[in-house]
Every structure is written in C-alpha cells, then in structure tokens.
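Visitor: mind folding the following:
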Amino acid sequence: MRAPTKKETLLGFLARGVAMVHLDARRPGVVVPAQYVSDAHLRLNLSYRYSIPDLEVSDERVQATLSFGGRPFHCVLPWSSIFGITSHLTGDGQVWPEDLPVEVVHTMSDRNGGTRHNGTPEGPPSGRQKPSLAAVDGELKEERPRQESSSEGGPRRHLRLVR
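Guide: Numbering: from 1, shown residues only. Purely as a prediction, here's the structure:
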C-alpha cells in the first residue's frame with residue numbers, strides 16, 4: 001500500500017475542516033509576505049470555510065490569497081516546500097522527512113532536551129495555541145496544548161512519517 005501524496009493528504013484534511021501547512025518559506029518558488037521569506041518553519045492555515053476565492057491545489061503547488069494581519073497576500077507554495085500537513089479537527093498529520101529543513105530537525109532535538117523555540121508570529125484564528133512538531137523517541141508527533149487533550153497526560157496523536 002502506497003502512502004498518500006501531499007496533495008491527497010491536503011485535500012483529505014481540507015474536506016474535514018482546517019488544515020495547517022508546514023513549509024520552508026526559503027525554498028525556490030515560494031511566494032509569501034516579505035517578513036516570512038526567511039522562515040524555515042512557516043505555518044499557514046487553509047480551509048474551504050474561509051471562502052478563499054482563488055484557493056487552488058494543483059499537481060505543482062498550492063496557491064491562495066491569504067490574510068496576514070488583516071491584509072490579503074497571494075501565496076504560492078510549491079509542494080517541494082511543504083514538509084508537513086496537520087488537521088485542526090483530528091490532530092492527525094503527516095510529515096515528509098526528506099523535505100524537513102535542517103533547522104526544524106534541530107528545533108525538534110532542542111525540544112526533546114527541554115529548550116523551547118517559538119515558531120512564527122501568526123497563531124490560528126481562534127487564538128488557541130498552535131500545534132508544533134516534536135521528535136519523541138525517534139518518531140515525530142504533533143504536540144497539542146494540554147487543555148485540548150481529552151484527559152491530563154492522555155494519548156497524543158502521532159504524525160506518520162512518509163518515505
């Protein structure tokens with residue numbers, strides 16, 4: 001059985017609600033606002049419910065006009081820049097390790113050692129703490145804020161590694 005492609009994963013998560021795309025904004029072909037072009041781990045929320053008139057998910061890229069601080073900006077995200085996709089609804093996600101920026105791998109190692117690293121300045125629209133990626137016992141998983149878990153110290157959903 002083959003693993004789903006990035007496009008299939010994104011379309012599946014979008015069908016269920018809000019999807020967060022994790023990307024390296026420094027990669028060739030990425031078009032995002034100037035203040036984010038040097039971000040190794042930029043997180044962008046996409047949803048059909050946002051009524052994005054030009055949201056396009058093609059075989060080459062994702063493009064859409066997104067809001068940054070209330071200002072619209074037409075973004076272009078080639079698939080090669082996207083290294084992870086998570087679902088806000090279920091907490092599930094996938095990571096493509098071959099596309100992980102080295103800085104993100106180092107950040108995950110730092111988190112394992114207890115060092116906190118703050119990601120991008122943009123949070124999800126609801127004001128909830130945004131999910132982040134972390135390495136645990138050699139696996140990647142999505143960290144979710146404690147208040148969102150079903151019980152204190154309850155199970156956390158793991159991201160699937162796609163090779």
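
Visitor: burial of Asp99, as a residue count?
Guide: Number of residues near Asp99 (other C-beta atoms under 10 Å) recorded here: 19. Heads up, the C-betas are built off the backbone N, CA and C, glycines and all.

Visitor: ok, Gly17 next?
Guide: 13.

Visitor: surely it touches Gly91?
Guide: No: between Gly17 and Gly91 there is no contact, the gap being 11.3 Å when judged by C-beta atoms under 8 Å.

Visitor: what's the residue lying closest to Ser38 once chain neighbours are set aside in contact with, if anything?
Guide: Nearest residue to Ser38, sequence neighbours excluded (C-beta to C-beta, 6 or more residues apart in numbering): Arg26, at 6.2 Å. Applying C-beta atoms under 8 Å, 6 or more residues apart in numbering to Arg26 gives the contacts Val37, Ser38, Asp39, Ala40, Pro101.

Visitor: any idea how far Arg27 is from the fourth one?
Guide: This means Ala40. Distance, Ala40 to Arg27, by C-beta to C-beta, to the nearest Å: 10 Å.

Visitor: and if you look at the third one?
Guide: For Asp39, the distance to Arg27 (C-beta to C-beta) stands at 11 Å.

Visitor: more crowded one of Ala40 and Arg27?
Guide: Between Ala40 and Arg27, Ala40 has the larger neighbour count (other C-beta under 10 Å), namely 20 against 17.

Visitor: need the helices for this structure, in chain order.
Guide: Ranges of helices within the chain are 6-16, 102-112, based on DSSP state H.

Visitor: list the helices and strands the first one packs on?
Guide: Contacting helix 6-16 under the criterion 3 or more C-beta pairs under 8 Å, 6 or more residues apart in numbering; DSSP states H and E are the following elements: strand 19-23, strand 56-57, strand 82-87.

Visitor: run through this structure and note the low-pLDDT ranges.
Guide: Scanning the chain for pLDDT under 70 picks out the ranges 107-163.

Visitor: can you pull out the strands in it?
Guide: With DSSP state E, the ranges of strands along the chain come out as 19-23, 42-46, 56-57, 61-68, 71-78, 82-87, 93-95, 132-136, 139-143, 160-161.

Visitor: which among the ones you listed is found nearest to Lys6?
Guide: Nearest to Lys6 among the strands of the chain is strand 82-87 (5.6 Å), distances taken as C-beta to C-beta.

Visitor: given that closest one, what are its sheet partners and their directions?
Guide: If you go by DSSP bridges, strand 82-87 pairs up with strand 19-23 (antiparallel), strand 93-95 (antiparallel).
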